[in-house]
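Participant: predicted model, plus sequence, below.
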Amino acid sequence: MAYRPTTAVRICPDCDGFDSVAITLGGRNRAGHLHTITAQCPACHGTGSRAARRRPLPAPAEVSA
């Protein structure tokens, strides 16, 4: 069996992967349904994952003449 490395999913640290939630506003309509709104994570914009941070390149060593 061949080993296939997989890349780790970068879960958003702000929402822990729960990208959107339903928030109850309180009260019910005539049919008995709750009034809700959907809110998305502002950090990942509702994707649940974030891009990897880019590491700065190391500064080149100075050469003495």
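Facilitator: Done, it's in. Numbers count the residues shown, from 1 in each chain.

Participant: extract the residue ranges of this protein that are flagged as low pLDDT.
Facilitator: Across the chain, the ranges flagged by pLDDT under 70 are 1, 4-9, 52-65.

Participant: how about the strands in it?
Facilitator: 20-28, 34-40 (DSSP state E).

Participant: helices or strands next to the longest one in the packing?
Facilitator: So that's strand 20-28. Using 3 or more C-beta pairs under 8 Å, 6 or more residues apart in numbering; DSSP states H and E as the contact test, the elements touching strand 20-28 are strand 34-40. Quick note: C-beta positions are derived from backbone N, CA and C, even for glycine.

Participant: how near is Thr47 to Asp19?
Facilitator: 6 Å (C-beta to C-beta, to the nearest Å).

Participant: common neighbours of these two, please.
Facilitator: Shared contacts of Thr47 and Asp19 (C-beta atoms under 8 Å, 6 or more residues apart in numbering): Cys12.

Participant: between the two, which one's more packed in?
Facilitator: Asp19 (19 against 15; other C-beta atoms under 10 Å).

Participant: hmm, Ala39 and that one touching each other?
Facilitator: No - taking contacts as C-beta atoms under 8 Å, Asp19 lies outside contact range of Ala39: 10.0 Å.

Participant: tell me the contacts of the closest residue to Asp19 other than its chain neighbours?
Facilitator: Excluding the flanking residues, the one nearest Asp19 by C-beta to C-beta, 6 or more residues apart in numbering is Gly48, at 3.7 Å. Gly48 sits next to 11-12, 15, 17-19, 41 when contact means C-beta under 8 Å, 6+ apart.
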